[in-house]
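J.: structure for this input, please:
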Amino acid sequence: MFKGIGIAGLVLILIGLSIVGGAFYVVDETEQVIITQFGKPVGSPITTPGLHIKIPFIQDANYFDKRFLAWDGEPSQVPTKDKRFIWVDTYARWRIKDPLLFFQRLRDERGAQSRLDDILDGETRNVIAKHLLIELVQGADRRIPIEEVEIGFNNNAKAVKDGKEVSKRPFNTNSFGREELQREILKASQERTKGLGIEVLDFRFKRINYVGEVRREVYARMISERKRIAEQYRSEGAGEAARIAGQKDRELKVIRSEAYKRSKEIKGKADEEAARIYAEAYNKAPEFYAFLRTLETYKNAFKTNSTLILSTENDFLKYLKNALTGGMKK
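T.: The predicted structure follows:
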């Protein structure tokens with residue numbers, strides 16, 4: 001009886017020591033474990049979720065995340081190939097691919113983040129320094145006008161320089177863009193992290209901007225360009241307004257000239273018709289016609305308080321003299 005109690009007590013003591021010494025450990029679905037003995041890894045990585053056993057007091061369980069991890073770079077000033085200084089802010093996603101190698105080379109996530117700072121920041125600087133700013137801020141395969149290179153294009157859409165056609169196309173196709181540069185940095189970073197037990201999954205530019213001095217120059221140039229375009233529009237508008245006003249004045253002169261010509265033609269025809277009627281009347285009754293015309297002349301000549309000094313032999317007094325003579329005879 002006492003012997004059975006002693007065995008049970010020994011089992012309970014061993015269980016207690018196992019619990020206190022950490023003989024059991026649990027691996028979550030999001031975790032992977034490296035077992036170390038006196039600080040050195042032993043066995044293969046534990047990646048299967050569940051309850052596992054290790055030697056208490058001697059072995060330790062080192063947990064590492066199996067999920068995708070984030071790396072967020074510090075904004076830094078980087079020069080481009082065309083000597084433009086820009087602020088670049090980047091981020092990446094990575095994971096622990098080989099936990100044993102990761103533990104041996106980097107020890108923990110803090111060491112991995114520090115190493116990624118060196119690798120990703122360095123590759124970002126290297127790649128940006130090899131490319132132009134325009135390749136960094138736009139997508140690949142974008143058609144870039146070559147206006148700054150060529151003077152213009154003729155009716156056949158051929159590039160013209162110094163009055164002669166050149167072999168260049170109206171547009172240059174940009175073979176590099178922001179996406180291509182990101183892939184280039186990602187590929188170079190993956191090559192450098194192969195021996196570290198980690199894998200860089202994705203790399204992106206979070207933000208790209210000019211440094212303060214360059215930004216002010218760019219804004220000033222943009223303002224100047226907009227003012228130049230506005231002045232061009234105003235000049236074109238003023239030229240079009242002057243053209244319309246000149247056309248209006250020309251059309252108005254033409255209309256007035258045509259109207260004056262037409263009025264003179266109508267007046268000439270009227271005078272011609274009047275002269276013809278007068279001529280017919282004169283031919284039919286010359287004396288009567290002369291009498292009517294003389295009366296019209298009297299009417300126009302004798303106004304209020306009018307005085308005429310004429311000879312008695314003047315034809316103008318012919319009918320007046322006859323009228324006065326006849327009246328006196330009566």
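
J.: what secondary structure does residue 311 sit in?
T.: Following DSSP: H, G, I helix; E, B strand; the rest coil, the label given to residue 311 is coil.

J.: residues near it, how many?
T.: By the criterion of other C-beta atoms under 10 Å, residue 311 has 8 neighbours. Heads up, the C-betas are built off the backbone N, CA and C, glycines and all.

J.: over to residue 103?
T.: 19.

J.: enumerate every residue touching residue 226.
T.: Under the criterion of C-beta atoms under 8 Å, 6 or more residues apart in numbering, residue 226 has no contact partners.

J.: from residue 67, how far off is it?
T.: Here residue 226 is placed at a distance of 49 Å from residue 67 (C-beta to C-beta, to the nearest Å).

J.: for the stretch 101-250 of the chain, just list every one of the helices.
T.: Shown for the stretch 101-250 of the chain, the helices assigned by DSSP state H, counting those that start in this stretch span residues 109-129, 133-137, 178-192, 212-284.

J.: relative to helix 109-129, how tilted is the third one?
T.: Relative orientation of helix 178-192 versus helix 109-129 (axes from the mean of the first three to the mean of the last three C-alpha atoms, to 10 degrees): 130 degrees.

J.: packing partners of helix 178-192?
T.: Contacts defined by 3 or more C-beta pairs under 8 Å, 6 or more residues apart in numbering; DSSP states H and E place helix 178-192 against helix 109-129, helix 133-137, strand 198-210.

J.: now with 10 Å, please.
T.: When contacts are defined as 3 or more C-beta pairs under 10 Å, 6 or more residues apart in numbering; DSSP states H and E, helix 178-192 sits against strand 85-96, helix 109-129, helix 133-137, strand 198-210.

J.: buried ones in that helix?
T.: In terms of neighbour count (16 or more other C-beta atoms under 10 Å), helix 178-192 has its buried residues at 178, 180, 181, 182, 184, 185, 186, 188, 189, 190, 192.

J.: what's the most distant pair in the residues you listed?
T.: Farthest-apart pair in those is 178 and 192; separation 21.5 Å (C-beta to C-beta).

J.: can you list the strands that the helix or strand residue 71 falls within pairs with?
T.: Using DSSP states H and E, residue 71 sits in strand 69-72. Applying DSSP bridges to the sheet, strand 69-72 is found paired with strand 85-96 (antiparallel).

J.: quick check: mean pLDDT across the partner strand?
T.: When pLDDT is averaged along strand 85-96, the result is 94.

J.: buried ones in it?
T.: Neighbour counts over strand 85-96 (16+ other C-beta under 10 Å) mark 86, 87, 88, 90, 92, 94, 96 as buried.

J.: I'm done for today, thanks for sticking with me.
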